[in-house]
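Colleague: sharing a sequence plus its predicted fold:
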Amino acid sequence: MIKYILKRIGSSLLTLFLIVTIAFCLLRLMPEEGYFNNYDKMSPTKIKVGREMLGLNAPMYLQLGRFYKQIITLDLGVSSRYRVNTPINKIIGPKMLLSLKMGMLGVGFSLVIGLSLGVIMSKSARSKSRFKLWDKLGSAFVVIIQAVPMAVYCLFIQIFGTELLNRFFRLPMLFSRENSLTWILPVFSYALGGISMYAMWTRRYMNDEANKDYVLLARAKGVSAGKISRSHIFRNAIVPLIQYIPTSVALTLMGSLYVESRYSIPGMGGLLVDVIKKQDNPMVQALVLIYSALSVAAVLIGDILMALADPRISLGKKEDVR
Amino acid sequence: MSIRKKQAALVEALTDPIRAGYAELSEAEQFTFAEYKPEEAERTGYSGYSYWKSTFRVFSKNRVAMFFTVLIVVTLLFTFIQPLIPGQKDPNLIYNDPATGMQFRNLPPSEDFWFGTNSIGQDLWSRTWAGTRTSLLIGFAVAVTEAVIGIFIGVMWGYVRKLDFLFTEIYNVFDNVPQTLVLILLSYILNPGVATIIIALSLTGWMTTARFIRNQAIILRDRDYNLASVCLGTPTHRIITKNLLPYLVSIITMRMAMAIPSAISNEVFVSYIGLGLPLNIPSLGNLVSSGVDKIMQASLRYQIVFPVIVLSVVTISFYVIGNAIADAADPKNHVD
């Protein structure tokens, strides 16, 4: 186990190293405006001095070396255009906190609703009724959320949700930190994707588990149907789902781009896009690093959590597909 | 009567009619091929099972999937026929009012402009269909590229033992890279265009396909019939194309059907964050993202509703069809 984890950490670090290096090199190909605040008004000498100060005149390998050193000391540099000369750590910190708060609400919400919906759908699919209404309704919901782009359904939630809520409360369309009512729609939009994913997999895994021999044995022993559902089928069905939870949490740290930009929430979500549009190269670099570190770590933690939840899974042999 | 005698009697009773049947045939007839008769075949337990027929039968029994198949076929046909219909407007031309010389700005749907016009006076009906063509082109191109690269790498990875370790390690490293990041970075660095989006999407998608194919290839590689083929000296390329790939067709079709909606969604995503196609190449992505600005005014919402309807029809259809193919291709579902 420990050997496996160490190996995985090694390969994760390698991944990170590759992403960061490639991103760094690619960004050097970008126009150099991205390093200065008011490039158009600068004289050629000023640009030259500025390049010298930023160390852009040094050969590539020296620049790369300096960049790695920065990363190790957890200093991400300063922003060039987004907020001129502000340390990037300071910009990102509060934004991450807000995204995390909102995202954790969303993840919690989607876990509770998604798992329950999955259980209801699976029960309905295995029932003897001809119509299987809940299963069909739930599946239609899952298909729509999975197939229609998030940008589109978030938009419709914002329009119609705001109109609906406005009948009962006075609600501004955009987010404000103080008004807790404005949290409802963004969190709901956040959660929808998760709900459909968790519902779909819970239904599928529960249906798979329900056909297994140990369920038949439990029934033959006279265990009640409710108990079989709860402590046998459900317990086994959620094991593969545990793997995805850290990824969901990491995604919330990155913020949901659509949701945050629709409600103008000052979180992480729109940040990468913002800095790309403003061509703030140091910020792009730093965000690429943070985003990839988060998602790489989340996959690793997910695998370890799954092994802890189910003692039958031995990680060392994971690659053996047969 | 002892059990053995009983057995003998039973065998005799069962085989007698067959033997009697043979006795009627002349020597020459006994050694010629008999005609295929389904009812005769059923008596001996031969089912006439055909994988593709059964797959198609299971698929056609799925009424929802059939509905979406018809829907998508009609939509696809119309998308490509639409520019050939006489009297269609140019998607990029700006229309002016002949009386005043002003542009037809933000006209609601009317007889002239079926889906209305946008803020600079372009016809949304023709823009929507032109956009659907672009998005479908992106979707199909990505699906085909992913399939070609995925199959090639996947088969090599699964079939050639020496490559397995290397490819697995490479996969573990690159699989961790978040797709959104690659998409954003590539769109940022390359110039926006159809080719950029196709490259960016294919670059990340093929790995899942390759992984799928590799797992199947490993399972099939050591089956007896493949060992027999190897012993008989069949060349490797023939084993791969004749013994291996036919088993993988269902997985490949499924992956391709699912790649199309995700490519279209990703195109919408890239356009939404402002890194998508320029406005003179209409696509569902930039139609949606330019419609987004109009959403606050209820009277202008038609500008986003129509593209969104077409977009949803296309993505939902491919998603449902992809899932139905996956179900139908599974031999477990072929037994009645």
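Modeller: Here it is on my side, so go on. Numbering: from 1, shown residues only, chains lettered A, B, ... in the order given.
Colleague: can you get me a residue count around residue 72?
Modeller: Using chain A. 8 (other CB atoms under 10 Å in any protein chain shown). For every residue, glycine as well, the C-beta is placed using N, CA and C.
Colleague: oops, chain B please
Modeller: Each residue near residue B:72 was counted by other CB under 10 Å, and the total is 18.
Colleague: residues contacting the closest residue to it other than its chain neighbours?
Modeller: Sequence neighbours aside, residue B:317 is the residue nearest to residue B:72 in space, at 3.9 Å (criterion: CB to CB, 6 or more residues apart in numbering or on different chains). Each residue near residue B:317 by CB atoms under 8 Å, 6 or more residues apart in numbering or on different chains is listed here: B:68-69, B:71-72, B:75.
Colleague: among those, who's most crowded?
Modeller: Neighbour count (other CB under 10 Å) singles out residue B:68 as the most crowded of the contacts of residue B:317, with 20 neighbours.
Colleague: what strand or helix carries the closest residue to that residue other than its chain neighbours?
Modeller: Distances taken as CB to CB, 6+ apart put residue B:317 closest to residue B:68, at 4.2 Å, once the chain neighbours are dropped. Using DSSP states H and E, residue B:317 sits within helix B:302-329.
Colleague: could you pull out the buried residues of that helix?
Modeller: Buried residues in helix B:302-329, defined by neighbour count with 16 or more other CB atoms under 10 Å in any protein chain shown: B:302-304, B:306-308, B:310-329.
Colleague: again, but for stretch B:211-222
Modeller: B:211-218, B:220-221.
Colleague: the residues you listed into a markdown table, with extra columns for distance to residue A:219?
Modeller: Listed next are the buried residues of stretch B:211-222 as a markdown table, based on distance: CB to CB, whole Å:
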| residue | distance to residue A:219 |
| --- | --- |
| B:211 | 37 |
| B:212 | 35 |
| B:213 | 39 |
| B:214 | 38 |
| B:215 | 33 |
| B:216 | 34 |
| B:217 | 39 |
| B:218 | 36 |
| B:220 | 36 |
| B:221 | 39 |
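Colleague: low-confidence stretches in chain A?
Modeller: Scanning chain A for pLDDT under 70 picks out the ranges A:29-41, A:51-57, A:170-173, A:254-255, A:313-322.
Colleague: flag every residue of it that's near chain B.
Modeller: Chain A comes close to chain B at residues A:11-12, A:14-15, A:18-19, A:23, A:26-27, A:29-30, A:143-144, A:146-152, A:155, A:158-159, A:173, A:257-258, A:272-273, A:276-277, A:284, A:288, A:291-292, A:295-296, A:299, A:319, A:321-322, as judged by CB under 8 Å from any CB of the partner chain.
Colleague: could you flag which of those are buried?
Modeller: A:11-12, A:15, A:19, A:23, A:26-27, A:143-144, A:146-152, A:155, A:158-159, A:173, A:257-258, A:272-273, A:276, A:284, A:288, A:291-292, A:295-296, A:299.
Colleague: which ones among those residues map onto helices?
Modeller: Residues of those located in helices (DSSP state H): A:11-12, A:15, A:19, A:23, A:26-27, A:143-144, A:146-147, A:150-152, A:155, A:158-159, A:257-258, A:272-273, A:276, A:284, A:288, A:291-292, A:295-296, A:299.
Colleague: the residue nearest the centre of chain A sits in which helix or strand?
Modeller: The residue lying closest to the centre of chain A (CA atoms, centre = their mean) is residue A:251, at 1.3 Å. In this assignment (DSSP H and E), residue A:251 forms part of helix A:245-254.
Colleague: so what touches that helix?
Modeller: With CB under 8 Å, 6+ apart as the test, helix A:245-254 has contacts from A:96, A:99-100, A:102-104, A:106-107, A:110-111, A:190, A:194, A:268-269, A:272, A:291, A:294-295, A:297-299, A:301-302, A:305.
Colleague: swap in 7 Å and give it another go.
Modeller: Outside helix A:245-254, the residues that touch it by CB atoms under 7 Å, 6 or more residues apart in numbering or on different chains are A:96, A:99-100, A:103-104, A:106-107, A:194, A:268, A:291, A:294-295, A:297-299, A:301-302, A:305.
Colleague: next one: stretch B:152-165
Modeller: Against stretch B:152-165 from outside (CB under 7 Å, 6+ apart): B:167, B:209-210, B:212-214, B:217-218, B:221, B:240, B:244.
Colleague: near chain A, list only the ones from the residues you listed.
Modeller: Taking CB under 7 Å from any CB of the partner chain as the test, chain A is in contact with residue B:218 out of those.
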